[in-house]
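Student: The following block contains a protein sequence and its predicted model.
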Amino acid sequence: MSILNDLQELESAGVISKDTSTRIESYYKNKKDPSTNKLFVVFGILGAILVGLGTILIIAHNWDELSRGLKTGAAFLPLLIGQALCSFTLLKKHQNIAWKEGSAVFLFFAVGASIALISQIYNIPGNLSSYLLTWMLLMLPLVYVMKSSMVSLLYIIGTTYFASETGYWDYPTEIPYVYWLMIAAIVPHYYLLLKKSPNSNFLRFHNWFVALSLTVVLGTFSKQMDELMFLAYASLFGLFYLFGTSKFLPDKTTKNAFTLLGSVGTVVILLILSFNEFWEHLIKKEMFLNEIIVAPEFIITVILSVLAMMFLYERLKSSSIKGISPFSVAFLLFIPIFFMGTFSSIAAVFLINLLVFAIGILTIRAGSKQNHLGILNYGLLIIAALIVCRFFDTDLSFVIRGLLFISVGVGFYFVNYRMIKKRQEND
């Protein structure tokens with residue numbers, strides 16, 4: 001390290017004493033390199049995955065030549081090796097993260113391979129959904145026994161795949177209600193990560209995986225009244241944004257997965273509904289109250305809206321209405337607009353466009369106040385996206401459309417130039 005090379009020069013110049021020099025040298029020599037530890041964990045996980053896949057390939061290559069007894073033994077062999085590695089880790093290497101993650105990941109894939117092979121050997125009936133469900137339920141205890149965040153991430157992927165298979169691709173499809181219990185079972189591990197490792201990469205990956213998983217699986221509730229899913233997704237994205245900027249998460253910047261996905265998702269939903277076609281379809285569709293209140297789309301919408309309102313209420317208690325981001329309240333404003341759209345498509349389209357425009361302007365204003373180029377340009381992009389949508393949706397002449405695009409381009413340049421100039425003056 002460069003600081004160790006400079007110690008002798010600093011000591012000779014009388015900047016530090018010999019005793020201080022010795023203590024600094026001792027400190028840096030004994031200090032653990034965090035990047036090295038992270039590399040050990042990464043290579044341990046990759047090594048476990050490669051060894052597991054290699055074992056499966058070797059067995060698969062010679063599969064037809066094996067007797068049923070040997071096939072059964074080969075099916076259980078990776079499982080026994082994985083259990084032995086995990087037992088050794090718990091007894092001898094319980095403080096070593098690389099060993100914990102590597103052995104747990106190996107056992108995770110070994111269990112999946114063993115289930116598949118035994119089912120094939122003895123012709124046990126079943127489908128992909130039941131296979132994934134069995135595999136994930138067996139692996140849930142492993143997350144807590146080994147305290148493995150990597151297995152937790154694989155578990156989230158597996159449960160999302162199971163829910164998608166059940167709700168989207170199976171025939172006949174059904175709503176995977178058990179998914180919500182399965183994803184709730186991982187919350188204690190996620191909570192421990194929040195408390196013990198608030199700045200870890202594993203927590204950041206969990207934020208993204210959980211947010212994307214919920215976004216994907218929510219669509220499986222679309223069975224009877226698809227139109228209500230726009231309300232459900234608007235409330236979900238509002239809940240994401242409020243959770244991402246709450247006291248529960250240490251990272252409250254736009255890098256936060258929940259904040260980013262919540263804001264982008266809200267804008268996308270509003271832009272989709274800024275066109276007239278959806279509202280004309282909604283008015284023509286017959287919907288009866290007794291059917292709506294028992295529809296799964298309505299029930300999940302109510303649950304998500306109530307949760308989002310609870311977070312919004314907590315936010316309002318700790319800050320004024322002026323400090324609230326437009327993304328925090330967009331879902332609440334969207335609810336009356338949606339029901340208004342069942343009677344008047346013109347009013348709904350006008351209000352949706354007005355809401356998107358207001359969100360863009362307020363985001364630009366927030367970026368200017370915080371002297372944040374990213375937030376400022378995000379607001380400009382929202383305005384630009386709205387103009388692009390109207391480009392294909394109106395009968396304006398090409399001259400006016402061209403002038404609008406030129407205005408947006410000049411706005412991008414002027415606003416960024418002004419902020420950069422302001423930063424230089426402050427420096």
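Tutor: Ah, there it is. Residues are numbered from 1 along each chain as shown.

Student: Let me see the ranges of the strands in the stretch 301-427 of the chain.
Tutor: With DSSP state E, counting those that start in this stretch as the definition, the stretch 301-427 of the chain shows no strands.

Student: which residue ranges form the helices in it?
Tutor: Secondary structure of the stretch 301-427 of the chain, counting by DSSP state H, counting those that start in this stretch: helices at 326-340, 345-369, 373-391, 398-426.

Student: Just the mean pLDDT for the longest one, thanks.
Tutor: Model confidence over helix 398-426, given as mean pLDDT, is 67.

Student: For the helices of the stretch 301-427 of the chain, give me TSV that also has distance to residue 200 and mean neighbour count.
Tutor: Using the backbone N, CA and C atoms, a C-beta is placed for each residue, glycine as well. Converted to TSV, those look like this (distance: least, CB to CB, whole Å; neighbours: other CB atoms under 10 Å):
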stretch	distance to residue 200	mean neighbour count
helix 326-340	26	19
helix 345-369	29	18
helix 373-391	23	18
helix 398-426	32	12
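
Student: Format those helices as TSV; extra columns: distance to residue 71.
Tutor: Converted to TSV, the helices of the stretch 301-427 of the chain look like this (distance: least, CB to CB, whole Å):
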stretch	distance to residue 71
helix 326-340	54
helix 345-369	60
helix 373-391	56
helix 398-426	64
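
Student: Tell me where the model's unsure across the stretch 101-250 of the chain.
Tutor: 250 (pLDDT under 70).

Student: My read is that residue 159 contacts residue 182, right?
Tutor: Yes. Between residue 159 and residue 182 a contact is recorded at 4.7 Å, counting by CB atoms under 8 Å.

Student: Tell me the residues that contact both of the two, please.
Tutor: Common contact partners of residue 159 and residue 182 (CB atoms under 8 Å, 6 or more residues apart in numbering): residue 136.

Student: out of the two, which sits in the more crowded spot?
Tutor: residue 159 (28 against 20; other CB atoms under 10 Å).

Student: Pull up the gap between that one and residue 261, please.
Tutor: Using CB to CB, to the nearest Å, one gets 18 Å for the distance from residue 159 to residue 261.

Student: Next: residue 194.
Tutor: Residue 194 sits 18 Å away from residue 261, going by CB to CB.

Student: Among these two, which residue is more densely surrounded?
Tutor: Neighbour comparison, residue 194 and residue 261: the larger count goes to residue 261, with 21 against 16 (by other CB under 10 Å).

Student: so what's the nearest residue to the more buried one once chain neighbours are set aside up against?
Tutor: Leaving out its chain neighbours, the residue that sits closest to residue 261 by CB to CB, 6 or more residues apart in numbering is residue 211, at 4.9 Å. Residue 211 makes contact with 240, 257-258, 261 under the criterion CB under 8 Å, 6+ apart.

Student: what residue lies at the spatial centre of this structure?
Tutor: Of all residues in the chain, the one closest to the mean position by CA atoms, centre = their mean is residue 208, 2.2 Å from it.

Student: Do I have it right that that residue meets residue 256?
Tutor: No. Using CB under 8 Å, residue 208 is not in contact with residue 256, being 9.7 Å away.

Student: coming back round to it: of all the helices of the stretch 301-427 of the chain, which one comes closest to residue 298?
Tutor: Residue 298 sits nearest to helix 326-340 of all the helices of the stretch 301-427 of the chain, at 12.1 Å, using CB to CB.

Student: Compute the inter-axis angle for that closest one and helix 373-391.
Tutor: Here helix 326-340 runs at an angle of 20 degrees relative to helix 373-391 (axes from the mean of the first three to the mean of the last three CA atoms, to 10 degrees).

Student: Helix 326-340: how far from the chain's middle?
Tutor: On the basis of CA atoms, centre = their mean, to the nearest Å, helix 326-340 sits 23 Å off its chain's mean C-alpha point.

Student: quick one on the thing from earlier: give me the element the residue nearest to residue 261 is part of.
Tutor: helix 201-218 (DSSP states H and E).

Student: The helix or strand just after that helix versus helix 201-218: what angle between them?
Tutor: Note on helix 201-218: by DSSP H and E, the next helix or strand toward the C-terminus is helix 229-244. Using the same axes, to 10 degrees, the direction of helix 229-244 lies 160 degrees away from that of helix 201-218.

Student: who does helix 229-244 touch, helix- and strand-wise?
Tutor: With contacts taken as 3 or more CB pairs under 8 Å, 6 or more residues apart in numbering; DSSP states H and E, helix 229-244 sits against helix 201-218, helix 257-272, helix 296-318, helix 326-340.

Student: and that helix with helix 296-318, angle?
Tutor: Using the same axes, to 10 degrees: helix 229-244 against helix 296-318 is 30 degrees.

Student: Alpha carbons only: can I get helix 229-244 in PDB?
Tutor: C-alpha atoms of helix 229-244 as PDB (Å, rounded to 0.1, in the frame of the first residue of the first chain):
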ATOM      1  CA  MET A 229     -55.200  -4.700 -12.600                       C
ATOM      2  CA  PHE A 230     -54.100  -1.200 -13.600                       C
ATOM      3  CA  LEU A 231     -55.400   0.000 -10.200                       C
ATOM      4  CA  ALA A 232     -53.500  -2.900  -8.500                       C
ATOM      5  CA  TYR A 233     -50.200  -2.100 -10.200                       C
ATOM      6  CA  ALA A 234     -50.600   1.600  -9.500                       C
ATOM      7  CA  SER A 235     -51.000   0.800  -5.800                       C
ATOM      8  CA  LEU A 236     -48.200  -1.700  -5.900                       C
ATOM      9  CA  PHE A 237     -45.800   0.800  -7.400                       C
ATOM     10  CA  GLY A 238     -46.900   3.500  -5.000                       C
ATOM     11  CA  LEU A 239     -46.300   1.100  -2.100                       C
ATOM     12  CA  PHE A 240     -42.800   0.300  -3.500                       C
ATOM     13  CA  TYR A 241     -41.900   4.000  -3.700                       C
ATOM     14  CA  LEU A 242     -43.100   4.700  -0.200                       C
ATOM     15  CA  PHE A 243     -41.400   1.600   1.200                       C
ATOM     16  CA  GLY A 244     -38.200   2.500  -0.600                       C
END
